[in-house]
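Enquirer: The following comprises the amino acid sequence and a computationally predicted model.
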Amino acid sequence: MSILVHRHTRVLVQGITGREGRVRTKLMRGYGPKVMAGVTPGRGGEEVEGVPVFDTVKQALNEVGNVDASVIFVPAFAAADAAMEAMDAGIKFVVIVPDRVPLHDVLKLTEFAKERQAAFLGPNTLGCLSPGEGVLGMMGGSPEAARSFFKPGRVGVASRSGGITSSIAYYLGKEGIGASTIVHVGGDSVVGMPLPTVLSRFQQDDATELVVIFGEIGTTQEERVAEMMKRGEFTKPLVAYIGGRQAEEGTRFSHAGAIVEGGRGGYESKVEALTDAGAQVVLRFEDIPQQVKKLLKTA
Amino acid sequence: MARLLEYKAKAILAASGIRIPPGKVVASAEAAANAARELAPSTVLKAQVFTTGRAGKGLVRFANGDAEATAVASELLGREVRGFPVSEILIEEKLAVAKELFAACIVSDELASPLALLASRGGSGVEELAKDPAVIFSRRAFSATAGLLPFQARTMAREVGLRGKELTKAASFLVKLAGVFLQEEARTLEVNPLAITESGEVVALDCHFSVDDYAVPRHPELEIEIAREIGHPPTELERIAAKVEAADHRGTFFFLELSTEGERLVGFHGAGGGGSMMSMDALNRAGFTARNFCDTSGNPSAAKVYRAAKHILALEGIIGYFASGSGVASQEQFHSARGFVKAFREWPLRVPAVIRLGGNKEEIAIQILNDFLGDLPVPVEAYGKDDSAEFCAQRLKTLVAEHPPVEPYECAPTSRTAPAQEEYAFNTLTGRISIDHAICAGCKEKPCIAACIPQILEEREGKVLLREPAEESAHRCTECLACELACFESGKRAVKIDLPIAGFEEYLARRKEGGQ
């Protein structure tokens, strides 16, 4: 198996008639999983890549039946609203691709999602991809590229930087190491499924033997991963690289932020916490594949 | 994070019913004297600049009487902070303070929720106070929709030891503060110190207010020019870039001028946060200094990359151009490639360039760069995902050593330069496409139609026209620039895509004048 997406996942695409919506529908249709329907308000009755378009999410589900996930490609200011529409219609997993979604929209969406027991990946995410199974979002870009970049295997990848997510999986693949699922958690400070949440999913996934994470300075995600490991909630081997060592100097935290975070968030804090908890932290990005090879029992 | 100057932040607090000291913003010593006379016998003068710890840097000063205020003001106005002169001072009445507290609203990434914070003591060195067991901190997560509820605020006030009128007034202040935080979509809203005056009023003496960059377009009242924390007043080119970004929602374009010092300055053009960081590191290790930071990512249109490239080409003193992102991008890389081609031929490029466009459709992207830029008198090398940023930076090092910047030269742009004899034109999202049907008449192949990615063009009666309905087709143009490049390649040059950059030509003209 894999996490978040597999070949039988039934998907809805919101914003399907836009530039991104069209191209990535082609990606998902060509690579997997199953794109059941699309939604663009006012464009109901059209078709995109052979997928029927509806005006509202409820109408789409009435026509095609329930779906497992919705992928959102609407402009940033409309993204949270689109996600709420999906969750209100009963969809339990939403992938929010657009960049620049206002922070307070995400905070409101978080409350909305909790009430409906729904989860969301992103915003500002490439999505997730299980090699050979399917993709939600835009990872890989086109079916051909996705097939050539990503190989199936037993390594879970989770990253806070989009381009780096694909890079890790690609460079692992070049060394003959495949991935179970590749997840871009999203580049913003508040995201629906931060690294700890994704790691708990990987923990439960039998197909995942080891996990690689790409962390960055800012937020407490990596420190919380370390705390999970210490509590025994994540027990698989973990290889981590933390970006932003050079950029640290220019980063300024507010006083209030510093008080609440209590020293968490910086490069040293993350590296120390993860190392302490037993993760293998590599200092050079290029060293990830070799470190993974060392720890992997089954190639 | 876009920050507000203290006086702007305080004005917003005051509009929501939070008390601030009576005060005035002045830009001259004379105005400071007048303000001091009006305000109070004792005043405080605060330089309005973006830096922390102003008190310790002598940027917050007290004065008794207008003569002293004049002297302090003229001294402050002569100061420079991070290379920029102090141009505004906030002069306020000095209040009789009985107690100083600390209050803030922030966003906790761990809870994915707003968080209110109140401390029993405030003032400078509050982070040190956080370690002092005698100081009581109270914190509450609150709803992003409902705000901080009055009972939550009262509980917090009581927890930090406030009683009686002080308790209710501080609680009321906290509710209002949380209201401003939500209404203005702040990231951080910090009042330190929060004073309780001898007359029992709760007054915000200072305010650190940073706003979510992404929400800035929804808040024109904040008058934020560039929705980023850039650490200096924006340069003219940064202002022009911010307007480009605001006018085109497709992908991200961020441009920042960094260093004008040193001899090994390179124009840097990254893609994506993580990839840009890695690429800049590689550039530094190759002995270069980035003249600027630029990020075009999130699948920007070719038009946006073109405009970004023009900003970088306009930087004075660069000896090379380096473009590199994560290396394995999901976005079709040919969009960026076409943007580079149009910009490099039009400017034209005068320094060696290394362009690393790795990822989806990189073969096409590399081909475009090689085909369309091979005739320039400076080398342009194109690489993909199997060539590391490190390797590419080293290539640039080699090229720069062999090819110093060349003088301006004649170069055929990809756009038609002659006025059209028989013009067919339509507007696109951020520009205008003009086709000369007189030239098209002699073209059998019509490569522009095949090249058009959204497929909005067709041939009718020997002419290249928008598909019907024409208006809708024009609306679907993604400014991919493929038609112009295809037409240029065929040697016909009938297509002209005009992608203006507001204020750019004027800026160059002014700069030229200033230089002479």
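Expert: Ah, there it is. Numbers count the residues shown, from 1 in each chain, chains lettered A, B, ... in the order given.
Enquirer: Just give the number of residues close to residue 264.
Expert: As the question left the chain open, I've gone with chain A. A:R264: 22 surrounding residues under other CB atoms under 10 Å in any protein chain shown. C-betas here are computed from N, CA, C, even on glycine.
Enquirer: Wait, chain B was what I had in mind.
Expert: 15.
Enquirer: So which residues of the stretch 1-150 of chain B form helices?
Expert: B:6-15, B:29-39, B:65-77, B:126-129, B:150-159 (DSSP state H, counting those that start in this stretch).
Enquirer: Show me chain A divided up by domain.
Expert: Using automatic domain parsing, the domain parsing of chain A gives A:10-121, A:127-295.
Enquirer: Let me see the contact set for the nearest residue to A:E286 once chain neighbours are set aside.
Expert: Spatially, and ignoring its direct neighbours in sequence, A:E286 is nearest to B:S388 (7.4 Å; CB to CB, 6 or more residues apart in numbering or on different chains). Residues in contact with B:S388, defined by CB atoms under 8 Å, 6 or more residues apart in numbering or on different chains, are A:E286, B:A282, B:G327.
Enquirer: Please state the backbone phi and psi of the last one?
Expert: Translated: B:G327. The phi/psi pair for B:G327 (degrees, to the nearest 10) reads phi 100, psi -30.
Enquirer: lowest-confidence helix or strand of chain A?
Expert: The helix or strand of chain A with the poorest confidence is helix A:255-261; it has a mean of 66 (mean pLDDT, DSSP states H and E).
Enquirer: For whatever residue of the stretch 51-200 of chain A ends up closest to chain B, give its distance to A:I288.
Expert: Closest residue of the stretch 51-200 of chain A to chain B, CB to the nearest CB: A:G163 (2.3 Å). For A:G163, the distance to A:I288 equals 15 Å [CB to CB, to the nearest Å].
Enquirer: So between those two, which is more surrounded?
Expert: A:G163 (29 against 24).
Enquirer: interface residues of the stretch 351-500 of chain B facing chain A?
Expert: Among all residues of the stretch 351-500 of chain B, those adjacent to chain A (criterion: CB under 8 Å from any CB of the partner chain) are B:G359, B:N360, B:K361, B:K385, B:S388, B:P454, B:T478.
Enquirer: re earlier: if I average pLDDT within each of the helices of the stretch 1-150 of chain B, which one is lowest?
Expert: Of all the helices of the stretch 1-150 of chain B, the minimum mean pLDDT falls on helix B:126-129 (a mean of 76).
Enquirer: Name the residues of that helix that come out as buried.
Expert: For helix B:126-129, burial by neighbour count (16 or more other CB atoms under 10 Å in any protein chain shown) applies to B:V126, B:L129.
Enquirer: low pLDDT regions in chain B?
Expert: Along chain B, segments meeting pLDDT under 70 span B:1, B:83, B:229-231, B:515-516.
Enquirer: try 50 this time
Expert: B:516 (pLDDT under 50).
Enquirer: Tell me the residue of it that sits nearest chain A?
Expert: Counting by CB to the nearest CB, chain B gets nearest chain A through B:S326, at 2.3 Å.
Enquirer: I'd assumed B:A282 was in contact with B:A389.
Expert: Yes: B:A389 lies in contact with B:A282 (CB atoms under 8 Å); the separation is 4.0 Å.
Enquirer: if I look at the two, which residues touch both of them?
Expert: Common neighbours of B:A389 and B:A282 (CB under 8 Å, 6+ apart) are B:S324.
Enquirer: More neighbours: the two, which one.
Expert: Regarding B:A389 and B:A282, a neighbour count based on other CB under 10 Å identifies B:A389 as having more, with 28 against 21.
Enquirer: if we can go back for a sec, now the weakest link among the domains of chain A, please, by mean pLDDT.
Expert: Among the domains of chain A, domain A:127-295 carries the lowest mean pLDDT, a mean of 90.
Enquirer: about what we covered before: output the helices of the stretch 1-150 of chain B in a markdown table; the columns should cover distance to B:T188.
Expert: Below are the helices of the stretch 1-150 of chain B laid out as a markdown table (distance: least, CB to CB, whole Å):
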| stretch | distance to B:T188 |
| --- | --- |
| helix B:6-15 | 11 |
| helix B:29-39 | 29 |
| helix B:65-77 | 26 |
| helix B:126-129 | 13 |
| helix B:150-159 | 18 |
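Enquirer: Redo the ones you listed as JSON lines? Include distance to chain A.
Expert: JSON lines is the format used below for the helices of the stretch 1-150 of chain B (distance: least, CB to the nearest CB, whole Å):
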{"stretch": "helix B:6-15", "distance to chain A": "13"}
{"stretch": "helix B:29-39", "distance to chain A": "28"}
{"stretch": "helix B:65-77", "distance to chain A": "23"}
{"stretch": "helix B:126-129", "distance to chain A": "5"}
{"stretch": "helix B:150-159", "distance to chain A": "14"}
